Each structure stands twice: as C-alpha cells, then as structure tokens.
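[1] what's the 3D shape of this:
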Amino acid sequence: MQPLPLHSQTVTVWCGFMAAFIFGPFFFEEIGSSGPVTCTVKGKRYESILRNQIVPVLQQRGCVDSTIFMQDGAPPHIATPVKQLLNLHFGNDRIINRHSLQPDHHDRNPCDFWL
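    From the prediction side, this is the model:
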C-alpha cells in the first residue's frame, strides 16, 4: 500500500505588472512544522501583503500617484480593510474592481483573459 495525499500541492501567489515593470511574486504562505505551507487568501492576509509588500514597492518606484489599481472580483479584494487601504493610497477614482464607480468597467481585467 502506498499512501497518497488527499489534495495536490498548491501555490498561492500575487504578481503585479505595469507598463514599465513587473513586481513580485509575493507568496501567500505560513510556516508550518515541515516548512512553508500555502494558506487561504482572506481579506486580512491580502490587506497585509498590500500594506507591507505591494504599496512599498510602488512608493519606492515613485508611481503610487499615477497607478490605477485593477483587480478582479475575488472576495478578499473587497474586504473593508482592503478597500480602506486602497482608497488611502489610490483614491476611489483610481481603483477598478467589482465595486468601483467607473462606468463600463465590468469584465475588463486582463488577467481574467490573458493569463
């Protein structure tokens, strides 16, 4: 008899791309007893990676004020702390997601179609 894992191994990763550069990848993982383990992306984890990894990269490159932040409609992307952080750095007029106010923005995320 050979034991098999119930689920295959997975990786949860975030990567951003702009006209001038690509940044990331940033991995969503926790350190378990046997090393790094992929974890579920919840609003709090997503907000943490935005605050501690993604926004600092954009600030370092001096492009926060010119960035339009686009993301798909995943539930962690619209969690209250995430919306507050994004509004703080990008303003409501430079965020595109399923709750943004821009007219005719639905289904325009290139990641949904090209990756």
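
[2] who touches the residue most central in space within the chain in this structure?
    The centre of the chain sits closest to W14, judged by C-alpha atoms, centre = their mean, with a distance of 5.3 Å. By C-beta atoms under 8 Å, 6 or more residues apart in numbering, the residues touching W14 are G24, P25, F26, F28, I49, I54. The C-beta positions use only the backbone N, C-alpha and C, and glycine is treated the same way.

[3] try 10 Å
    Counting by C-beta atoms under 10 Å, 6 or more residues apart in numbering, W14 touches 23-28, 41, 46, 49-50, 53-54, 71.

[4] Identify the residues contacting stretch 34-42?
    By C-beta under 10 Å, 6+ apart, the surrounding residues in contact with stretch 34-42 are 9-14, 27-32, 45, 48-49, 74-77, 79.

[5] now with 8 Å?
    Outside stretch 34-42, the residues within contact range by C-beta under 8 Å, 6+ apart are 9-12, 27-31, 45, 74, 76, 79.

[6] Now H77: closest residue in space that isn't a chain neighbour?
    Leaving out its chain neighbours, the residue that sits closest to H77 by C-beta to C-beta, 6 or more residues apart in numbering is Q71, at 4.7 Å.

[7] So what's the residue count around that neighbour?
    Residues lying near Q71 (other C-beta atoms under 10 Å) number 20.

[8] now swap in E47 and tell me
    When neighbours are counted by other C-beta under 10 Å, E47 comes out with 19.
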